[in-house]
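J.: here you go, sequence then predicted model.
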Amino acid sequence: MKSMNRPEIRGRQPDPGPAEGEKQDLAFLLAQVARGDHQAFEVVYGQLAGPVYGVVRQVLRDPAQSEEVAQEVLLEVWRTASRFDSTRGSAAPGR
């Protein structure tokens, strides 16, 4: 993964990904991420970045700190995707 400085992060628009109703299964995507699939991670990032930031923002209140923590959370998803076990729970938030 390429390192990005703060202005690049703020200016970058996430890939819209599949159309509504065509969301790819997060469990499948995490399996692909565990194999090092960067494109699968882009889709996971696109699906989870908003919800993760929203939760973090409610807790921390500070926008800059919230961005930092949300980025760290998603980086941890990249690092630990191989540990996901669908028999222990859903990959989808709120399910």
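T.: All right, it came through fine.
J.: which residue ranges form the helices in this protein?
T.: For the chain, the helices defined by DSSP state H occupy 6-11, 26-34, 38-60, 63-80.
J.: list the buried residues of stretch 24-32.
T.: 26, 29-32 (16 or more other CB atoms under 10 Å). Where C-beta positions appear, they are placed from N, C-alpha and C, glycine not excepted.
J.: so where's the protein uncertain?
T.: By pLDDT under 70, the low-scoring segments of the chain are 1-23, 94-95.
J.: kindly indicate which of the buried residues of stretch 24-32 lies nearest residue 52.
T.: residue 26 (12.6 Å; CB to CB).
J.: next, count neighbours for the residue lying closest to the closest one once chain neighbours are set aside.
T.: Among residues not flanking residue 26 along the chain, residue 91 sits closest, at 3.6 Å (CB to CB, 6 or more residues apart in numbering). Neighbour count of residue 91, defined by other CB atoms under 10 Å: 20.
J.: let's number from 868 now, not from 1
T.: Renumbered: residue one is now 868, and that last one reads residue 958.
J.: what about residue 958, distance to residue 923?
T.: Distance from residue 958 to residue 923, counting by CB to CB, to the nearest Å: 18 Å.
J.: with residue 937 instead?
T.: Residue 937 is 5 Å from residue 923, by CB to CB.
J.: one step back: return the most buried member of the helices of the chain.
T.: Across those, the average number of neighbours (mean count of other CB atoms under 10 Å) peaks for helix 893-901, which reaches a mean of 19.
J.: contacting residues around that helix?
T.: 907-908, 910-911, 914-915, 944-945, 948-949, 951, 953, 957-959 (CB atoms under 8 Å, 6 or more residues apart in numbering).
J.: how about 10 Å then?
T.: By CB atoms under 10 Å, 6 or more residues apart in numbering, the residues outside helix 893-901 that reach it are 890-892, 904-912, 914-915, 944-953, 956-960, 962.
J.: what of stretch 930-946?
T.: 868, 871, 873, 876-877, 893, 897, 900-901, 903, 905, 908, 911-912, 915-927, 929, 951, 958.
J.: list the contacts for residue 948?
T.: So residue 948 contacts 896-904, 907-908, 911, 958 (CB under 10 Å, 6+ apart).
J.: repeat that with 6 Å
T.: By CB atoms under 6 Å, 6 or more residues apart in numbering, the contact set of residue 948 is 897, 900-901.
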